[in-house]
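# Need a 3D model of the following:
(chains A and B)
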2 protein chains.
Amino acid sequence: MQYNFANRMGNLQASAIREILKFTSDPEVISLAAGNPSSEAIPTETIRSLSDNILNKTPVLALQYGVTEGYAPLKESIKRVMLSREKIVHENDDIVIMSGAQQGVELTCKVFCNENDAVISENPSFIGSLNAFKSYTKNVIGVDMDVDGIKIDKLEESIKANPSAKLLYLIPNFQNPTGHTMSLEKRKAVYELAKKYGLIIIEDNPYGDLRFSGEHIPSIKSMDTEGIVVYCGSFSKVLSPGIRVGFVVANREILNKIVVCKQVSDVHTNLLSQMICNDFLNTVDYSEHIKKLQKIYKHKCDTMLDEMDVCFNKSFKYERPEGGLFVWCDLPENIDMNEFCKLAIKNKVAVVPGSAFMPNDTCHTNSIRLNYSTPSDEDIIKGIRILGELTQKF
Amino acid sequence: MQYNFANRMGNLQASAIREILKFTSDPEVISLAAGNPSSEAIPTETIRSLSDNILNKTPVLALQYGVTEGYAPLKESIKRVMLSREKIVHENDDIVIMSGAQQGVELTCKVFCNENDAVISENPSFIGSLNAFKSYTKNVIGVDMDVDGIKIDKLEESIKANPSAKLLYLIPNFQNPTGHTMSLEKRKAVYELAKKYGLIIIEDNPYGDLRFSGEHIPSIKSMDTEGIVVYCGSFSKVLSPGIRVGFVVANREILNKIVVCKQVSDVHTNLLSQMICNDFLNTVDYSEHIKKLQKIYKHKCDTMLDEMDVCFNKSFKYERPEGGLFVWCDLPENIDMNEFCKLAIKNKVAVVPGSAFMPNDTCHTNSIRLNYSTPSDEDIIKGIRILGELTQKF
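Have a look, this model is predicted:
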């Protein structure tokens, strides 16, 4: 049978990262290619106890159908505990629970984008979101970044050059893959541009709580007087990724559309997991929990970066992230990124070539992404030493 | 802010059933409008024990990221236990785990349908799937049914009249909303038509195990020598709907596309729930469990139908379903379906007007859907008696 798939499928390819991760099934390969939270950061015993309690006390509530919008007490708890630092939920906003923040990104695109509309993102950006956009439109446009975020002048140029642009996708905190954080000044500037040109901003903030140095910077959503920011949050990095719970904060009119699309997709998010998240927020000292996570990630990040400072050839450039899971490393011009990644694999270390994070085929990069959250300290050091030798050899 | 949503959103409205269900928050209203499995059919204590065991023994495995395709042991268990009665998984087929069968239906449409392609479904059909199709195409076409399934001559006419038709959506067992079961003869006939005209069949089978009378009829997928049937199965009615676990069986080439689309949607299905399903299939006598469920549903169905036989005016026509959750009742021509439903609500009984299940605006019906799985026996009898009085009064 010759299948006649939809045109959109032509834009989509399986993630290049997955191809690399295949190598990591070899137990001898040290993977600095993943994006998992540190397993020691998952409060397994607390989750077990909360889950058991829920299934003892209200099993039918947890196991029957729920409403698409999400478990109402969880929405209140997120507002009270996770979003308490700044005003994220404005007067005409509400929260809807998602099966991971990724679903919030995907459904926002489904709700807004026709196939000829464009999405503008940072270049590079998170492959999962880029592919979500490509599943609805061919036009995904990348705008280059500095260490303090997207280039504002280039962004305005891009908006002007692409009048079909509807969405602006940003990861302001500890961006995936670069680890860069957008400055307050730039957050204000992108908000003003979005307002001026009628764009909707998707502010994806899965790593926001994982800041281990520097000062908190207000979210773009906190400036959202116009109802043009869709804020995507997640429990994946602060509790557990396997439970697939995230949320979206947006104007109710947008959320009504997102809910209709979620209803036809997975009806509602796993209810037991929503109840676990709710009980977690209500029984655990969340700020203490976050401090513990920050300590874990700071240690892992320092372990990797300190070793890079020692081992890497100085022609390899990188910045110390202030949070999150990733380091972005620019290779000197004379070294080919793909060759370097292949050589790394030969030497039993997996890293992701920056090409995996390009919004489209016209974008180029000569960088690699390194992850410090998933490997053990020992593997971080071992892996970086091997890479360090390669940086010297080339 | 005046939002400029995607065109597809114009096709989509919040489910009419949800509007009716709003009335059912009134505790005095008896709801025969839902579609939940019977709460007594959910093995809550078993699930609690399996969950606790998993979170004790392999917490990190259950709580970290999983692969998009699904938990590998679960795929094997589904094949061995749930699909053992007949050959569902053919040589070039595989299984992918979904966040509910609904996701399988939605993603199959996303993978195959451009916005001008058509989907043909039974008329009436399941509103969740119809809306999933409408989120990708305007062209959802209904073909009328008899008690033994879709009208084959009308189906061929419809395929001929709609050369853009790509998908044929069918619920062969105890269809939602009609409760009708497609005969073996018709299953063979629709398969031959799909083959002849190059259509992909989505065979949605959430209720298949809930047969409480009559004989098992082979699935369309069991005849699928060509790789043109996408089979959607679910744990919602045999274990728990709140855990959101279903699966798709299809040719690997189709599944590869579905996996890419699932990856950009929810990354993977809740892993703890997948592991619970797997342990359930491996520790419980599944056929005994199913027998227990069949007994529950037979009892509930008999309770409703026996009472209808006594109370309903003979001008109201219905068939006894052989399984599933629903009864479809045709009103006499002189009685308006919407008026009847409104009067029922006034008398504190909620039922769903058949109009909620129409594939498009050109389809008409004068029937109502009644559900016996969710209400208590007492409420079934009380509700049917109230409706019975109304059928006599009109």
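# what number of residues lie near the nearest residue in space to residue A:329 that is not next to it in sequence?
Counting by Cβ to Cβ, 6 or more residues apart in numbering or on different chains, residue A:318 is the residue found nearest to residue A:329 once chain neighbours are left out, at 4.4 Å. Quick note: C-beta positions are derived from backbone N, CA and C, even for glycine. Residues near residue A:318, counting by other Cβ atoms under 10 Å in any protein chain shown, number 19.
# Wait, residue A:318 touches residue A:328, no?
Yes. Look at residue A:318 against residue A:328 with Cβ atoms under 8 Å: they come within range, at 6.3 Å.
# about what we covered before: and the residue nearest to residue A:329, how far from residue A:369?
10 Å (Cβ to Cβ, to the nearest Å).
# returning to that earlier point: return the residues in contact with the residue nearest to residue A:329.
A:305, A:308, A:312, A:327, A:328, A:329, A:330 (Cβ atoms under 8 Å, 6 or more residues apart in numbering or on different chains).
# Around chain B, pick out the residues from the stretch 251-394 of chain A.
A:251, A:253-254, A:256-257, A:259-261, A:263-273 (Cβ under 8 Å from any Cβ of the partner chain).
# Run through the strands of the stretch 151-300 of chain A in chain order.
Listed in chain order, the strands of the stretch 151-300 of chain A (DSSP state E, counting those that start in this stretch) span residues A:165-170, A:200-204, A:229-234, A:246-251.
# again, but for the stretch 1-150 of chain A
For the stretch 1-150 of chain A, the strands defined by DSSP E, counting those that start in this stretch occupy A:30-31, A:93-98, A:118-123, A:139-146, A:149-150.
# quick one: which of these is nearest residue B:81?
strand A:93-98 (31.4 Å; Cβ to Cβ).
# tilt between the closest one and strand A:246-251?
150 degrees (axes from the mean of the first three to the mean of the last three Cα atoms, to 10 degrees).
# tell me the centre residue of chain A?
residue A:206 (5.1 Å; Cα atoms, centre = their mean).
# what's the burial count for residue A:297?
25.
# State the helix or strand in which residue A:307 lies.
Element membership for residue A:307, per DSSP states H and E: helix A:286-311.
# For that helix, buried residues please.
A:286, A:289, A:293-294, A:296-298, A:300-301, A:303-305, A:307-308, A:311 (16 or more other Cβ atoms under 10 Å in any protein chain shown).
# Identify the residues contacting residue A:132.
So residue A:132 contacts A:102, A:105, A:106, A:109, B:264, B:265 (Cβ under 8 Å, 6+ apart).
# same thing with residue A:126?
By Cβ under 8 Å, 6+ apart, the neighbours of residue A:126 are A:171, A:175, A:176, A:177, A:204, A:357.
# Of the residues you listed, grab the buried ones for ChimeraX.
Buried members of the contacts of residue A:126, defined by 16+ other Cβ under 10 Å, are picked up in ChimeraX with:
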select /A:171,175,176,177,204,357
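# Would you mind checking which of the contacts of residue A:126 is nearest to residue B:9?
residue A:204 (21.8 Å).
# Was I right to think that closest one contacts residue A:105?
Yes. Taking contacts as Cβ under 8 Å, residue A:204 lies within contact range of residue A:105: 6.0 Å.
# any common contacting residues for the two?
Between them, residue A:204 and residue A:105 share the contacting residues A:129, A:169, A:232, judged by Cβ under 8 Å, 6+ apart.
# Pull the number of nearby residues for the last one.
One way to gauge burial is a neighbour count; for residue A:232, by other Cβ under 10 Å, it gives 28.
# Tell me what it is bridged to.
Beta-bridge partners of residue A:232, counted by DSSP bridges, are residue A:204, residue A:248.
# Pull the contacting residues for it.
A:98, A:101, A:104-105, A:108, A:202-206, A:246-248.
# What of the first one?
Residue A:129 makes contact with A:102, A:105, A:106, A:121, A:169, A:202, A:204, B:264, according to Cβ under 8 Å, 6+ apart.
# give me that answer again for 7 Å
Residues near residue A:129 by Cβ atoms under 7 Å, 6 or more residues apart in numbering or on different chains: A:105, A:169, A:204.
# Just the helices from the stretch 51-200 of chain A, written as ranges.
For the stretch 51-200 of chain A, the helices defined by DSSP state H, counting those that start in this stretch cover A:59-63, A:72-77, A:101-112, A:127-134, A:152-161, A:184-197.
# Any figure for the gap between residue A:57 and residue A:50?
11 Å.
# Who has more neighbours out of those two?
Using other Cβ under 10 Å as the criterion, residue A:57 and residue A:50 rank with residue A:50 on top: 22 against 10.
# Spatially nearest residue to the more buried one (excluding sequence neighbours)?
Per Cβ to Cβ, 6+ apart, closest to residue A:50 is residue A:279, 4.5 Å.
# Next, the buried residues of stretch A:30-44.
Buried, per 16+ other Cβ under 10 Å, within stretch A:30-44: A:30-39, A:41-44.
# Equivalent analysis for stretch A:153-165, please.
Buried-residue list, stretch A:153-165, by 16+ other Cβ under 10 Å: A:155, A:156, A:158, A:159, A:162, A:165.
# Same question for stretch A:130-149.
A:130-137, A:139-143, A:145, A:149.
# do the same with stretch A:211-228
Buried-residue list, stretch A:211-228, by 16+ other Cβ under 10 Å: A:211, A:212, A:217, A:219, A:220, A:221, A:222, A:223, A:224, A:227, A:228.
# does the first one really touch residue A:321, like I thought?
No. When contacts are counted by Cβ atoms under 7 Å, residue A:211 is not listed as touching residue A:321 (9.6 Å).
# Quick check: residue A:247 vs chain B, distance?
From residue A:247 across to chain B, the span is 13 Å (Cβ to the nearest Cβ, to the nearest Å).
# pLDDT value on that residue, please?
For residue A:247, the pLDDT comes out at 98.
# One more: residue A:18?
Residue A:18 is given a pLDDT of 66.
# In contact with residue A:320, which residues are there?
residue A:305.
# what separates it from chain B, distance-wise?
Taking Cβ to the nearest Cβ, one finds residue A:320 at 26 Å from chain B.
# Please report phi then psi for that residue.
phi -80, psi 120 (degrees, to the nearest 10).
# Could you list which of the buried residues of stretch A:30-44 also contact chain B?
A:36, A:39, A:42, A:44 (Cβ under 7 Å from any Cβ of the partner chain).
# Which single one of those is nearest to chain B?
Nearest to chain B out of those is residue A:44 (Cβ to the nearest Cβ; 3.6 Å).
# residue contacts, that closest one?
Counted by Cβ under 7 Å, 6+ apart, residue A:44 has contacts B:55, B:59, B:60, B:63.
# Please tell me how far the third one sits from residue A:36.
It refers to residue B:60. 10 Å.
# Ok, the last one next?
Residue B:63 sits 11 Å away from residue A:36, taking Cβ to Cβ as the criterion.
# What pLDDT does the model give the residue lying closest to residue A:278 once chain neighbours are set aside?
Using Cβ to Cβ, 6+ apart and skipping the chain neighbours, the partner closest in space to residue A:278 is residue A:74 (4.0 Å). Per-residue confidence (pLDDT) for residue A:74: 98.
# thinking residue A:74 is in contact with residue A:274, fair?
Yes. Under the criterion of Cβ under 7 Å, residue A:74 makes contact with residue A:274 at 5.0 Å.
# and residue A:368, helix, strand or coil?
Three-state call for residue A:368 (DSSP: H, G, I helix; E, B strand; the rest coil): strand.
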